[in-house]
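>>> Show me the folded form of this:
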Amino acid sequence: MMDAPVNLLFIEDSRDDVQLALLALERDGLRPSWKHVATEMELREALKSSTPDAILSDFSMPEFDGLAALKIARDFAPRVPFIFVSGTIGEERAIEAIRLGATDYVLKDNLRRLGTALRRALAEARDRERVRAAEEERARLVEILEATSDYVGMSDPQGRRIYLNAAGRKLTGVPEHPAQGALSPEIYPGWVREIIQNEALPAAAREGLWQGETAMLDSEGKEIPVSQVVIAHRASDGGIRFFSTIARDISERKAYEKRITYLASYDALSGLPNRSLLGDRTAQAMTHARRVGRPCALIVLDLDRFKLINDSYGRSAGDALLRQVGERIRGAVRDGDTTAR
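Sure thing, here's the model as predicted:
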């Protein structure tokens, strides 16, 4: 099976040596397309115009130096394999060249090794590129996670924290460096720990994902209501590698819901039960009165000439009066009685 075409750049003063190298590569099953340069200027122009898959360079040339060529190649194409193909390079120079960034070296009197060296260099370059791409992907992901306003955390199957983003550290008061290694349940109040251990983690392990509303503890130990998702991430063998959790602070939503619920039963101005809650409590009182055989009473009060206060002093004065009257009536009745507006 023939290899895929490989784009080579030769740095060589002898065209015959280039042809010998190409012949050795073709005999080894490689399909090279190639370009040949012999001077520093030609090398710079070639690297500016395109990036080869690999560079094969002589070490000693009348008008150019192999180490200088290596430096230029590292500046223009640092991830491209660079192999010295030379008849004069000694062991000490070869070691120095590799220390400076060369990938390998092959002697011209042993070109049978060139194909193997080139294949290995290309494979290693592909591996490095995959690692680099994965690291860049991870860096981009971390950048996104650090920028999001949601809590994002990761823990191993034993519950030890692996990662906690900036929003999570801010929410829980965990400093940046100790974010790893600590037990994740420490950020939860007791009642939530039971949910996480007995419901969320088993459900995520079984179904891949769990979501619900819980709470986390801030740096002062105050409960912060959150909407939370727990995800189980598995390895190729099916075992759980780690758990991740995403949580969003829903304090404002909870406060709004609480306010809506309150206004559904209470008068916004006086804070007294409204008509709806009065009807419910009246029905309860009448039911209780019939059951125990005792009477109950409903007293309706009206403020005489209240409109005169509004017209003379304004609605703010009228509102203040209503609040005062409500507080006084509430203070005059028993705890089990209802004062409504």
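>>> So which bits of the helix or strand harbouring Gly331 are buried?
According to DSSP states H and E, Gly331 maps onto helix 315-332. Neighbour-count burial for helix 315-332, counted by 16 or more other CB atoms under 10 Å, picks out Gly318, Leu322, Arg323, Val325, Gly326, Ile329. Using the backbone N, CA and C atoms, a C-beta is placed for each residue, glycine as well.
>>> Hmm, Asp267 and the third one touching each other?
So the one you mean is Arg323. No - at 10.0 Å, Arg323 does not count as touching Asp267 under the criterion of CB atoms under 8 Å.
>>> about what we covered before: is it possible to get JSON lines of the buried residues of helix 315-332 that adds distance to Leu107 and pLDDT?
Shown next, in JSON lines, are the buried residues of helix 315-332 (distance: CB to CB, whole Å; pLDDT from 0 to 100):
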{"residue": "Gly318", "distance to Leu107": "104", "pLDDT": "79"}
{"residue": "Leu322", "distance to Leu107": "102", "pLDDT": "83"}
{"residue": "Arg323", "distance to Leu107": "99", "pLDDT": "85"}
{"residue": "Val325", "distance to Leu107": "106", "pLDDT": "85"}
{"residue": "Gly326", "distance to Leu107": "102", "pLDDT": "80"}
{"residue": "Ile329", "distance to Leu107": "107", "pLDDT": "84"}
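>>> closest to Thr103 among the residues you listed?
Thr103 has its nearest neighbour among these in Arg323, at 84.2 Å by CB to CB.
>>> As a check, name the ranges of all helices in the stretch 1-150 of the chain.
Per DSSP state H, counting those that start in this stretch, the stretch 1-150 of the chain carries helices over the ranges 15-27, 40-49, 66-76, 91-99, 114-147.
>>> now those helices as JSON lines including distance to Glu194 and mean pLDDT?
Listed next are the helices of the stretch 1-150 of the chain as JSON lines, based on distance: least, CB to CB, whole Å; pLDDT from 0 to 100:
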{"stretch": "helix 15-27", "distance to Glu194": "67", "mean pLDDT": "94"}
{"stretch": "helix 40-49", "distance to Glu194": "63", "mean pLDDT": "94"}
{"stretch": "helix 66-76", "distance to Glu194": "58", "mean pLDDT": "93"}
{"stretch": "helix 91-99", "distance to Glu194": "59", "mean pLDDT": "85"}
{"stretch": "helix 114-147", "distance to Glu194": "28", "mean pLDDT": "91"}
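>>> Perfect, I'm done here.
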